[in-house]
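prediction below, plus the sequence it came from.
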Amino acid sequence: MKQAHFLNRSIGQIGYVVEDVEQTVRQYHERFGIGGWHFYTYAPPLLKFQNYRGKPIVYSARIALGYFGDTRIELIQNLEGRTIYTDFIEEHGYGVQHLGIYVPDMQEALEDAGAAGFSVVMEGGGFGLDGDGHFAYLDTEKQFGTTYELIQRPKRRHEPEMVYPKE
């Protein structure tokens, strides 16, 4: 088995599964002054494809993206469908669900991970303005205590559905 190299890159994102994303954002703003949260609904038509355990699915999740200092934070509220987020809630409740690693080439990163024996639990993509952007959660939680997410950021992002607090 080959060694994977995606952890040679720094952790770019911490992902939390939360019960109510808007309430959580308000609490982070009120208690810590953290603002500039950008909200999106990850579902079709924003996501052009969604797979869970190797099969196409349709799900929806409300997310908010913000920063703790230089670290990107993703708050995720599962709205509909069976996902890695519902798996996490059933097993652990709410909290830190993944560590995200930004990769320049998703196909290369997936080949690297696959050659090292890591499978994809859930993935989605096409959320950029040009149909780019791809995320893939790897099956790493049982072995390493967390899920690693590979993220190829889109070159251009859609305008957020909402920003909190309002700019």
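Nice, thanks for sending it over.

for the residue nearest to Val25 when sequence neighbours are not counted, give me its contacts.
Leaving aside its chain neighbours, Val25 sits nearest to Trp37 (4.7 Å; criterion: C-beta to C-beta, 6 or more residues apart in numbering). The C-beta positions use only the backbone N, C-alpha and C, and glycine is treated the same way. Under the criterion of C-beta atoms under 8 Å, 6 or more residues apart in numbering, the neighbours of Trp37 are 25, 28-29, 64-66, 75, 163-164.

how near is Trp37 to Val96?
In this view, Trp37 and Val96 are 17 Å apart by C-beta to C-beta, to the nearest Å.

how about the strands of the protein, start to end?
Shown for the chain, the strands assigned by DSSP state E span residues 11-17, 37-42, 49-52, 55-56, 60-68, 71-80, 95-102, 120-125, 134-138, 147-152, 162-164.

how about CSV for those, with mean pLDDT added?
As requested, the strands of the chain are arranged in CSV below (pLDDT from 0 to 100):
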stretch, mean pLDDT
strand 11-17, 97
strand 37-42, 98
strand 49-52, 97
strand 55-56, 97
strand 60-68, 98
strand 71-80, 97
strand 95-102, 98
strand 120-125, 98
strand 134-138, 98
strand 147-152, 98
strand 162-164, 97
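
tell me which of these sits nearest to Met1.
strand 134-138 (14.6 Å; C-beta to C-beta).

packing partners of the closest one?
helix 106-115, strand 120-125, strand 147-152 (3 or more C-beta pairs under 8 Å, 6 or more residues apart in numbering; DSSP states H and E).

tell me the most buried of the ones you listed?
Mean neighbour count (mean count of other C-beta atoms under 10 Å) peaks for strand 147-152 among these, with a mean of 22.

who are the packing partners of that one?
In this structure, strand 147-152 packs against strand 11-17, strand 95-102, helix 106-115, strand 134-138, with contacts taken as 3+ C-beta pairs under 8 Å, 6+ apart.

contacts only, for Val18.
With C-beta under 8 Å, 6+ apart, Val18 has these contacts: 24, 75-77, 94.

grab the nearest non-local neighbour of it.
Closest to Val18 by C-beta to C-beta, 6+ apart is Thr24, at 4.5 Å.
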